[in-house]
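Enquirer: Sharing a model that was predicted from the sequence below.
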Amino acid sequence: MTWKVIYHPGVRQDLAQLGSAAAKRVLDVIEERIRDGEPEKLGKPLRGTLAGCRRIRTGNTRIVYRVDGNAVQVLIIAVGARRDEEAYKLADQERKRGQPPFTSYWTPRHARATLSLEQ
């Protein structure tokens, strides 16, 4: 099954901070392992304030996401370095802002276009 992947607006800045090569790796992992995989079983469930979210890692980068099985879509909430639990802090900041999940987010096409503009 192919899942629809959408991105929280803050992920654009997260990817830019990673740099082009690392951001491309992250997007590849999202496409290969999350979009075309089983995101509801993949990765590690998070606890505490991020309960209901999962995380997957690629190298030293963490991807925090939430699965909506009813709509067959995955919301990428935050992407960040493992050091100092950066990705989890970013995800928690978005949660505190109270933005409702799965509304008006951007798509993978926009993610790749963002990387192209920065090169």
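Expert: Perfect, I can see it now. Residues are numbered from 1 along each chain as shown.

Enquirer: In the chain, where is pLDDT below threshold?
Expert: 84, 97-119 (pLDDT under 70).

Enquirer: who are the neighbours in contact with the most centrally placed residue in it?
Expert: Geometric centre of the chain, nearest residue: Ile76, 2.8 Å, by C-alpha atoms, centre = their mean. Residues near Ile76 by C-beta atoms under 8 Å, 6 or more residues apart in numbering: 5-8, 11, 30, 34, 63-65. Just so you know, the C-beta spots here come from the backbone N, C-alpha and C atoms, and that holds for glycine as well.

Enquirer: For the helix or strand where it lies, which strands pair with it and how are they oriented?
Expert: Assigned by DSSP states H and E, Ile76 belongs to strand 73-81. Note on strand 73-81: by DSSP bridges, its sheet partners are strand 4-7 (parallel), strand 61-68 (antiparallel).

Enquirer: right, and the helix or strand after that strand?
Expert: helix 86-97.

Enquirer: Return the distance of that following helix from the chain's centre.
Expert: Chain-centre distance of helix 86-97: 12 Å, with C-alpha atoms, centre = their mean, to the nearest Å.

Enquirer: now the angle from it to strand 73-81?
Expert: Orientation note: helix 86-97 sits at an angle of 130 degrees relative to strand 73-81 (axes from the mean of the first three to the mean of the last three C-alpha atoms, to 10 degrees).

Enquirer: Looking at neighbours, which among the contacts of Ile76 is most surrounded?
Expert: Val11 (29 neighbours; other C-beta atoms under 10 Å).

Enquirer: That one is in contact with Ile77, isn't it?
Expert: Yes. At 7.4 Å, Val11 and Ile77 qualify as touching, with contact defined as C-beta atoms under 8 Å.

Enquirer: Please identify which helix or strand holds the closest residue to Thr58 other than its chain neighbours.
Expert: Distances taken as C-beta to C-beta, 6 or more residues apart in numbering place Val29 nearest to Thr58, at 4.5 Å, with adjacent residues excluded. Assigned by DSSP H and E, Val29 belongs to helix 20-29.
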